[in-house]
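> sequence and predicted structure, then a few things I'm wondering about:
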Amino acid sequence: MPGDKSISHRAIMIGAISRGRTIAKDLLDCDDCNYTIRAFGEMGIKIKKDGAYTAIDGNGLRGLAKPEHALNVGNSGTTMRLLAGILAGQNFTSVLEGDASLSARPMKRITEPLSMMGVGIRSKDGYPPLEVKGGNVKAVHYRMPIASAQIKSAILFAGLYADGVTVVEETAGSRDHTERMLKYFGARIKSEGFKSSVEGGQELEAKSVAVPGDISSASFFAAGAVLLAGSRVCIEGVCINPTRAGVLDVLTRMGARIRVVNKKDLFEPVGDIEVESGAIRGVTIEAPEIPAIIDELPVIFVLASLASGRTVIKGAGELKVKETDRIRSMKENLEAMGAKISVSEGAIMIEGVNSLQGAGIKTYGDHRTCMAMAIAALGAKGQSVIDDAGCVSKSLPGFFGMLEKLK
Ligand code: S3P
């Protein structure tokens, strides 16, 4: 499984602000991570790829150079939000801009806490572009209204430049890749429950990072194996960090034949996922579980559509502000195939049906809608046609080639 997207972004960013050469193995080669690489290149950081290895020559915490133009981060929300935290501490003003889809995604969630930290950050009425006036950063204790690793990470990054200890508290645990990697690079950072605190003013030291496989990408293949009779798939070297791998728990509760073997503990826990086809049943997913399955929900919609009984998903409103409104895109596409989905305030209800029929699929330019619906199409009777399958290059350019190999 290609490298984890979230961890790849963090390896580039943390490598760039560390002292010395970081070598990242199996860094994900995809549009989003390449936008992160390009942005740091425009700020004077040398990043070179050689086979499976990428060398990142870090220049220290405040070692970025002022970019000549606005930094274009394409469709990558992770790049824009996390980078805003790092730019907050630089001695220059910079602008972050994105494509039309990213320009419609909310940024107040970033500008609010960073403004509280004394950063001069401006958006266009809560949306990109963002102008970040770097410089003095004040330590804060921030209680996040939304569980989001992107917001938490932006604050922790800004906290590296602050005049004291910055504390972020969440109501549910979002992915903790930033905390783990900062610690791995030698930072004094503490996490307890849903609270993390980082000390300002410490330098980070370059490291070797082996990026584990991406569980979000793996979940499409796991779901395919569950749904297609006679399948058996082993997905090797996948990150099974519990703040990320909630899909394994959901699949187990659905009755899927799935197990994790060969577990290893690097700076992130890793394992091989073995999955076999078999009948599955509907489940109830409670709101606190959502952060650990946020990117896997589209494919969980697909599984639920072909499970026996009802699946109820509570508190998944954040899906509306991803690359597209994923509640709408998944409902519309699955309904076109014959699924039964209803959405009310706070809950999504999916009644399993016996079979789906092939249909025309609209991705809305969203990679995860596309890959989830490709799995639905494999599980459906007849042919489906996807309107814009190229969007998978955002996170997994090889998706369709990998599916071909599993025939
Ligand atoms: C990400 C966090 C999640 C996730 C996104 C990647 C990250 O977003 O949906 O694909 O790498 O931190 P939120 O933190 O906004 O929920």
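Great, that's in hand.
> how about the strands in the stretch 101-250 of the chain?
Taking DSSP state E, counting those that start in this stretch as the criterion, the stretch 101-250 of the chain carries its strands at 120-124, 127-133, 141-143, 165-169, 189-192, 195-199, 204-205, 208-210, 232-239.
> the second one to strand 120-124, inter-axis angle?
Put plainly, it is strand 127-133. Computed by axes from the mean of the first three to the mean of the last three C-alpha atoms, to 10 degrees, the angle separating strand 127-133 from strand 120-124 equals 160 degrees.
> Asp272 and Cys239 touch, don't they?
No. Assessed by C-beta atoms under 8 Å, Asp272 is found out of contact with Cys239, at 11.7 Å. Any C-beta I mention is one placed from the backbone N, CA and C, and that applies to glycine too.
> between the two, which one's more packed in?
Ranked by neighbour count (other C-beta atoms under 10 Å), Asp272 and Cys239 place Cys239 first, with 25 against 18.
> for the spatially closest residue to the more buried one that is not a sequence neighbour, what are its contacts?
In this structure, Cys239 finds its nearest non-sequential neighbour in Pro212, 3.9 Å apart by C-beta to C-beta, 6 or more residues apart in numbering. For Pro212, the set of contacting residues under the criterion of C-beta atoms under 8 Å, 6 or more residues apart in numbering consists of Gly3, Asp4, Ile7, Asp26, Gly237, Val238, Cys239, Leu266, Glu268, Val270.
> let's go with 7 Å and repeat that
Pro212 sits next to Asp4, Ile7, Gly237, Val238, Cys239, Glu268, Val270 when contact means C-beta atoms under 7 Å, 6 or more residues apart in numbering.
> isn't the fifth one up against Gly271?
No. With contacts defined as C-beta atoms under 7 Å, Cys239 does not count as touching Gly271, sitting 8.7 Å away.
> how many other residues sit next to Ala88?
When neighbours are defined as other C-beta under 10 Å, Ala88 has 28 of them.
> picking that back up, export the strands of the stretch 101-250 of the chain to CSV and tack on distance to the ligand and mean pLDDT?
Formatted as CSV, the entries for the strands of the stretch 101-250 of the chain read as follows, by distance: least, C-beta to the nearest ligand atom, whole Å; pLDDT from 0 to 100:
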stretch, distance to the ligand, mean pLDDT
strand 120-124, 16, 98
strand 127-133, 14, 98
strand 141-143, 15, 98
strand 165-169, 12, 98
strand 189-192, 15, 97
strand 195-199, 13, 98
strand 204-205, 19, 98
strand 208-210, 15, 98
strand 232-239, 12, 98
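> can you put the ones you listed in a markdown table and add distance to Arg180?
Supplementary listing: the strands of the stretch 101-250 of the chain in a markdown table, determined by distance: least, C-beta to C-beta, whole Å:
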| stretch | distance to Arg180 |
| --- | --- |
| strand 120-124 | 26 |
| strand 127-133 | 25 |
| strand 141-143 | 20 |
| strand 165-169 | 15 |
| strand 189-192 | 9 |
| strand 195-199 | 11 |
| strand 204-205 | 13 |
| strand 208-210 | 11 |
| strand 232-239 | 10 |
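> so which of these is nearest Phe221?
Taking C-beta to C-beta as the criterion, Phe221 comes closest to strand 232-239 out of the strands of the stretch 101-250 of the chain, the separation being 5.7 Å.
> enumerate the positions of the closest one that are buried.
Of the residues in strand 232-239, those buried under the neighbour-count criterion (16 or more other C-beta atoms under 10 Å) are Val233, Ile235, Gly237, Val238, Cys239.
> export stretch 180-196 as CSV, just CAs?
Coordinates of each C-alpha in stretch 180-196 appear next as CSV, following Å, rounded to 0.1, in the frame of the first residue of the first chain:
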residue,chain,number,x,y,z
ARG,A,180,3.8,11.5,17.2
MET,A,181,6.1,12.8,14.5
LEU,A,182,7.1,16.0,16.5
LYS,A,183,8.0,13.7,19.4
TYR,A,184,9.9,11.4,17.1
PHE,A,185,11.9,14.5,15.8
GLY,A,186,12.8,15.3,19.5
ALA,A,187,10.2,17.9,20.4
ARG,A,188,8.9,18.3,23.9
ILE,A,189,5.3,17.6,23.4
LYS,A,190,2.8,15.9,25.7
SER,A,191,-0.5,14.2,25.0
GLU,A,192,-3.0,13.1,27.5
GLY,A,193,-6.6,12.1,26.6
PHE,A,194,-7.8,14.6,24.1
LYS,A,195,-5.3,17.3,25.2
SER,A,196,-1.8,18.0,23.7
